[in-house]
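Novice: the following comprises the amino acid sequence and a computationally predicted model.
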Amino acid sequence: MAIRPYLSIIILAVIALGLTTFVFASFQTEQPDGITRNPFFNSTQAYVLPLAEPSYFPILDSNSDISGIGAKSAAVYDIRSGRFLYEKNSRQRLPVASLTKIITAVVVLEKFNTRDTVAVSAAAVRVDGEKQDLYEGELLKIEDLLKMMLVDSSNDAAYALKDYASQKGINLVEAMNQKISTLGLNDTNFLDPAGLNDEGYSSAQDMVRISRYAMKHDMIWEFLRQKESSVQSLDGKIMHALKNTNILLGNLPNIIGGKTGNTDNALGCLVLLVSIPEKNDTLISVVLGSKDRFGETEKLINWVKSSYRWE
């Protein structure tokens, strides 16, 4: 009979714990960018981690440091823990050049059928005043234009998609910025589908979250990890050879995909997704305003891998 008081205490404790867990979970909200936030904490998590590993965090070796990152802004984000493992001016608004094409691809994939046919207009030919990738009247599928835009970073292809969207009653650039708004990003505003207008801007943090959301679309990263490819017009008369400018492909292991960008004002920009298979994890690296985007990205990725312990 003497155990009854203790039994009552145990029952009450279990009930209290259950109520606390329910209230805590009720306040957790998963945002459109795939990052789960809880208002009780000033932090972010990439989805809710399983209860079996509540203490999972990459832990930085206190004796480790990194120097020589000359980019204006940079960040490395760990998807599994939802933490930034490196940041330099990560909220600074900067032109991001062709990194813009990641969100262009997202919107196109979410609004159109990739098998639809696009007739290239004169307005989509040599849009940057330099390189001609398309020919007026050429017929291509949306999927092929996406491949040209992502593998070869074709500005013509981005504008051909913009023209097609307009024919369907959609302002592509407005739709891109609307998507940015739904993701809750405050440091981004795009002015064209290719990133040619350097008055448009984003930040390293926002580009991380854009890339995180874009992981919903396998086609984007399938194209962004191709070193070379080709696209043929529907009549078979025109063949486009595509070459990726991302020189880290094939030189840095476990790349999921990456997007390059470069203008005179933006300087070198690079988004890179790298998997860590043995830890079931993925890193997103962003470098903006760099004179050595490939070297600095490789340095950041290697530093994170060597300086953090996954526990």
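Specialist: Yes, it's here.
Novice: check contacts around the residue nearest to Ile238 when sequence neighbours are not counted.
Specialist: The shortest distance from Ile238 to any non-neighbouring residue, by CB to CB, 6 or more residues apart in numbering, is to Glu138 (5.9 Å). (C-beta placed from N, C-alpha, C; glycine too.) Residues touching Glu138, when contacts are defined by CB atoms under 8 Å, 6 or more residues apart in numbering, comprise Ala119, Val120, Ser233, Ile238.
Novice: all helices of the stretch 201-311 of the chain, in order?
Specialist: Remark: helices of the stretch 201-311 of the chain, listed N- to C-terminal, are 204-214, 218-224, 293-307; assignment by DSSP state H, counting those that start in this stretch.
Novice: now, of these, which is deepest in the fold?
Specialist: For the helices of the stretch 201-311 of the chain, the largest average neighbour count (mean count of other CB atoms under 10 Å) is found in helix 204-214, namely a mean of 25.
Novice: helices or strands next to it in the packing?
Specialist: strand 73-78, strand 83-88, helix 100-111, strand 267-276, strand 281-290 (3 or more CB pairs under 8 Å, 6 or more residues apart in numbering; DSSP states H and E).
Novice: tabulate those (a markdown table), appending mean neighbour count.
Specialist: What follows is the helices and strands packed on helix 204-214, written out as a markdown table (neighbours: other CB atoms under 10 Å):
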| stretch | mean neighbour count |
| --- | --- |
| strand 73-78 | 26 |
| strand 83-88 | 18 |
| helix 100-111 | 24 |
| strand 267-276 | 24 |
| strand 281-290 | 25 |
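Novice: of those, which is nearest Leu249?
Specialist: Closest to Leu249 of the helices and strands packed on helix 204-214, according to CB to CB: strand 267-276, at 9.6 Å.
Novice: that closest one to helix 204-214, inter-axis angle?
Specialist: Orientation note: strand 267-276 sits at an angle of 50 degrees relative to helix 204-214 (axes from the mean of the first three to the mean of the last three CA atoms, to 10 degrees).
Novice: orientation of strand 267-276 relative to strand 73-78 in degrees?
Specialist: Following the same axes, to 10 degrees, one obtains 10 degrees for the angle between strand 267-276 and strand 73-78.
Novice: one step back: nearest to Glu222, of the helices and strands packed on helix 204-214?
Specialist: Ranking these by proximity to Glu222 (CB to CB) places helix 100-111 first, at 11.2 Å.
Novice: show me what that closest one is packed up against.
Specialist: By contact count (3+ CB pairs under 8 Å, 6+ apart), the secondary structure elements abutting helix 100-111 are helix 142-151, helix 155-167, helix 172-182, helix 204-214, helix 218-224, strand 255-263.
Novice: reformat those as CSV; add mean pLDDT and distance to Glu311.
Specialist: As requested, these are exported to CSV (pLDDT from 0 to 100; distance: least, CB to CB, whole Å):
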stretch, mean pLDDT, distance to Glu311
helix 142-151, 98, 36
helix 155-167, 98, 43
helix 172-182, 98, 35
helix 204-214, 98, 23
helix 218-224, 98, 28
strand 255-263, 98, 23
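Novice: how about those, which one is nearest Tyr86?
Specialist: Nearest of those (CB to CB): helix 204-214, 9.8 Å.
Novice: how near is Lys88 to Arg80?
Specialist: 22 Å (CB to CB, to the nearest Å).
Novice: beta partners of Val271?
Specialist: Taking DSSP bridges, one obtains Lys259, Val286 as the residues bridged to Val271.
Novice: that one against Ser211, yeah?
Specialist: Yes: using CB atoms under 8 Å, Val271 is in contact with Ser211, at 5.3 Å.
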